[in-house]
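Peer 1: okay, sequence plus prediction incoming.
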Amino acid sequence: METQGLHIETTPREGDPIVRAGQPDPCTIVLFGATGDLAQRKLFPALFELAREKLLPESFAVVAFSRSSHDNDAFRAQVKKGLEEFARTQPLDEATWKRFSSRLECIAGAYDDPASYQRLSAHLEDVSKRHGTQGNQLYYLATPASTFPKLIHGLAGAGLLPRQEQAGAKQWRRLVIEKPFGHDLETARELNRELATVLDEKQIFRIDHYLGKETVQNILVFRFANSIFEPLWNRDHIDHVEISALEKIDVEDRGQFYDETGVIRDIVQNHLLQVLALCAMEAPTSFGAEDIRDEKSKVFRALRSLEGPDVASHVVVGQYEGFRDTKGVAKDSRTPTFVAMKLNVDNWRWQGVPFYLRAGKSLSKRVTEVSIHFKTVPFCLFGTSDTCQRLQPNVLRLRIQPQEGIGLSIETKVPGEDVNLAGVNMDFSYAETFDKPVPEAYERLLLDCMRGNATLFARKDSVEQAWAYITPILQALDSGKGGEVQPYKPGSTGPTAARELLARDGRHWTVFP
Ligand code: BG6
């Protein structure tokens, strides 16, 4: 398309990326929790896919530190079984598996035994020589949060976690830590303090896998690579914002973990607040990690706190029927498996614009999306009150999953003599536009750890700020002041009280209205 001498391309431009991702460094990944659910379902499939696409460094190895002793062959067989079920590309590419499996090793040890870490240290030196990984080590803690302090001190005690700033250190050592990062503000602070006794902040990668999702990364590109939305992105034009992460699956076999955690700690404190921050933040000075993280941190600081009786009027919690019969769940559990809440961001841009968040399990379908609801037109020109009542405000929907894409609803005239209006949708779909699959979040995040790029990881301050916002809500709910846990039917749209939360403000949810 030519417009006044300006060539505008309207098809996807492949070619030179704007920000080059950079080559991952040679390294050994030292994996704790290699036989767990996360490793089987997400980490090994992500590493395997990277191997298949030849994106892993040439010099690369994985060493699993395991409490149950395995020999390498048994360990590899177990990884292969998981890949056959969970790898993104099926059937498994045998040539890739041959290459990949030759880099997998395991070593047995106990988390609280200094001698085990000494053995690990000697083993890693040997691996580094055999695989040419140059002494770079990425420690990945895919274990329950209660093990983190033991592991950190065990590794540090064996000299495996020197500070980056240590003079003459040519190799890098990084630590990847999975959520939940603490159980509340105090425990998160304590964990941050423990980490700081051993490592510099830039060596710590706190994973929030939502940040690695292609569609979540696209929020920033959408906002800051298109000039038409930014002038509208504020209280003058936006009525409210809805962020929903609704799941069809129930807690499956994670009953005990989930009963201790609940939906607010599992999804809101991390994933949804991170997405909210990307939607609400100011333009960063650059696309660099610290500039982006600085802006997100300002959003967390601007969240209006919810405490005591305010919690009951702003938060609805629910629990699906049958949750208490799950293995590992207390018979009288009050743990919420569903939450809907109204948040306010107290700053110039967002004053008076509510953000409604919702997350839950065992619902009728899986949808994660952000919808930005624009204001209604100031005056209706179209005659009858019936037509005017049907006039809908524009809604921009950022579909995070499934059917990844972006839709904008607009009003149009229905062809014909009369003035009749209909809402239609302008739509961009990743699957239709790009001739390649959307990568899994962990693929991107693992590569970023190997590159030392922390942009998509949560920084110490924002983790604590998110907990500072969430902890009083959890306390009010625990003490019973935050309202009752509402039961809902599995496979439903959640408790009716969630609908009432918006109805009170004269609004309704876009997903599950
Ligand atoms: C995890 C939660 O962090 O995110 C799970 O612990 C949840 O309970 C999962 O199911 C959802 O992730 P996704 O990528 O499927 O939206």
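Peer 2: Noted; the coordinates are in hand.
Peer 1: now do Gln389 against Ile470, distance only.
Peer 2: Remark: distance between Gln389 and Ile470 (Cβ to Cβ, to the nearest Å) = 39 Å. (Glycine included, C-beta is placed from N, CA and C.)
Peer 1: same check, this time on Glu500
Peer 2: 23 Å.
Peer 1: repeat for Thr215
Peer 2: 24 Å.
Peer 1: cool, and Arg223?
Peer 2: Applying Cβ to Cβ, the value for Arg223 to Ile470 is 25 Å.
Peer 1: so which of those two has more stuff around it?
Peer 2: Ile470 (21 against 16; other Cβ atoms under 10 Å).
Peer 1: Arg265 is in contact with the more buried one, correct?
Peer 2: Yes: using Cβ atoms under 8 Å, Ile470 is in contact with Arg265, at 7.5 Å.
Peer 1: most proximal residue of the chain with respect to the ligand?
Peer 2: Closest residue of the chain to the ligand, Cβ to the nearest ligand atom: Asp266 (4.8 Å).
Peer 1: for that residue, report the pLDDT, please.
Peer 2: Note on Asp266: pLDDT of 95.
Peer 1: what residues does the stretch 1-150 of the chain have near the ligand?
Peer 2: Residues of the stretch 1-150 of the chain lying near the ligand by Cβ under 6 Å from any ligand atom: none.
Peer 1: okay, strands next: where are they in the stretch 1-150 of the chain?
Peer 2: Secondary structure of the stretch 1-150 of the chain (DSSP state E, counting those that start in this stretch): strands at 2-3, 6-7, 27-32, 60-66, 104-108, 137-141.
Peer 1: just say which of those strands is most tucked in.
Peer 2: With neighbours defined as mean count of other Cβ atoms under 10 Å, these peak in mean count at strand 27-32, which reaches a mean of 25.
Peer 1: got the contact list for the host helix or strand of Glu464?
Peer 2: Using DSSP states H and E, Glu464 maps to helix 460-478. Here helix 460-478 makes contact (Cβ atoms under 8 Å, 6 or more residues apart in numbering) with 181-182, 184-186, 188-189, 192, 196, 201, 204, 206, 264-265, 268-270, 273-274, 277, 293, 296-297, 300-301, 303, 305-309, 311-312, 315, 317, 336, 341, 458, 482-483.
Peer 1: what subset of the residues you listed is buried?
Peer 2: Buried subset of the contacts of helix 460-478 (neighbour count, 16 or more other Cβ atoms under 10 Å): 181-182, 184-185, 188-189, 192, 204, 206, 264-265, 268-270, 273-274, 277, 293, 296-297, 300, 303, 306, 311-312, 315, 317, 336, 341, 458, 482-483.
Peer 1: can you tell me which of those residues are in strands?
Peer 2: 204, 206, 315, 317, 341 (DSSP state E).
Peer 1: in the residues you listed, find the pair that's most separated.
Peer 2: Among those, the pair separated by the greatest distance (Cβ to Cβ) is Ile204 and Val317, at 31.7 Å.
Peer 1: circling back to that earlier point, so which bits of the helix holding Glu464 are buried?
Peer 2: Those would be 460-477, for helix 460-478 by 16+ other Cβ under 10 Å.
Peer 1: how far is it from where the chain is centred?
Peer 2: 17 Å (Cα atoms, centre = their mean, to the nearest Å).
Peer 1: give me the mean pLDDT for that helix.
Peer 2: Mean predicted confidence for helix 460-478 is 95.
Peer 1: just the mean pLDDT for stretch 64-73, thanks.
Peer 2: Stretch 64-73 carries an average pLDDT of 85.
Peer 1: distance from it to the middle of the chain?
Peer 2: On Cα atoms, centre = their mean, the centre of stretch 64-73 falls 30 Å from that of its chain.
Peer 1: ok, stretch 215-229 next?
Peer 2: 17 Å.
Peer 1: pLDDT on that stretch, on average?
Peer 2: pLDDT averaged over stretch 215-229 gives 94.
Peer 1: can I get that stretch as PDB, trimmed to CA atoms?
Peer 2: C-alpha atoms of stretch 215-229 as PDB (Å, rounded to 0.1, in the frame of the first residue of the first chain):
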ATOM      1  CA  THR A 215       0.600 -13.000  23.600                       C
ATOM      2  CA  VAL A 216       1.600 -11.500  27.000                       C
ATOM      3  CA  GLN A 217       4.900 -10.100  25.500                       C
ATOM      4  CA  ASN A 218       2.800  -8.700  22.700                       C
ATOM      5  CA  ILE A 219       0.900  -6.400  25.100                       C
ATOM      6  CA  LEU A 220       4.000  -4.100  25.100                       C
ATOM      7  CA  VAL A 221       4.500  -4.300  21.400                       C
ATOM      8  CA  PHE A 222       0.900  -3.700  20.700                       C
ATOM      9  CA  ARG A 223       0.800  -0.700  23.100                       C
ATOM     10  CA  PHE A 224       4.100   0.900  22.100                       C
ATOM     11  CA  ALA A 225       4.600   0.000  18.400                       C
ATOM     12  CA  ASN A 226       1.200   1.400  17.400                       C
ATOM     13  CA  SER A 227       0.600   5.100  17.700                       C
ATOM     14  CA  ILE A 228      -3.200   5.000  17.500                       C
ATOM     15  CA  PHE A 229      -4.000   3.300  20.800                       C
END
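Peer 1: what residues does this protein put near the ligand?
Peer 2: Neighbours of the ligand within the chain, by Cβ under 6 Å from any ligand atom: 247, 266, 368.
Peer 1: doesn't Pro180 make contact with the second one?
Peer 2: Right, the one you point to is Asp266. Yes: Asp266 is within contact range of Pro180, at 7.3 Å (criterion: Cβ under 8 Å).
Peer 1: between those two, which one's more packed in?
Peer 2: Set side by side, Asp266 and Pro180 show more neighbours around Asp266, with 23 against 18, by other Cβ under 10 Å.
Peer 1: identify the bridge partners of the closest residue to Ile267 other than its chain neighbours.
Peer 2: Using Cβ to Cβ, 6 or more residues apart in numbering and skipping residues adjacent in sequence, the residue nearest Ile267 is Ala359, 4.2 Å away. Taking DSSP bridges as the rule, Ala359 bridges to Ala245, Val339.
Peer 1: rewinding a little: and the strands of the stretch 1-150 of the chain, which one is worst for confidence?
Peer 2: Taking the mean pLDDT of the strands of the stretch 1-150 of the chain, strand 2-3 comes last: a mean of 48.
Peer 1: could you look up the SS state of the most far-flung residue of the chain relative to its centre?
Peer 2: Distance from the centre of the chain peaks at Glu417, with 49.6 Å (Cα atoms, centre = their mean). On the three-state scheme (DSSP: H, G, I helix; E, B strand; the rest coil), Glu417 is labelled coil.
Peer 1: now for it: which residues touch it?
Peer 2: By Cβ under 8 Å, 6+ apart, the contact set of Glu417 is empty.
Peer 1: pLDDT score assigned to it?
Peer 2: Glu417 is given a pLDDT of 83.
Peer 1: re the thing from before, list just the nearest of the residues of the chain next to the ligand to Gly22.
Peer 2: Thr368 (28.6 Å).
Peer 1: about what we covered before: might one say that the residue nearest to Ile267 is in contact with Gly262?
Peer 2: No: Ala359 is not in contact with Gly262 according to Cβ under 8 Å; the separation is 10.4 Å.
Peer 1: can you pull the contacts of Pro144?
Peer 2: If you count contacts by Cβ under 8 Å, 6+ apart, Pro144 has them with Phe257.
Peer 1: domains in the protein, by residue range?
Peer 2: Taking the TED database as the domain assignment, the ranges for the chain are 27-178, 211-504.
Peer 1: gap between the two ends of the longest one?
Peer 2: Using Cα to Cα, to the nearest Å, the end-to-end distance of domain 211-504 comes out at 32 Å.
Peer 1: right, I'll leave it there.
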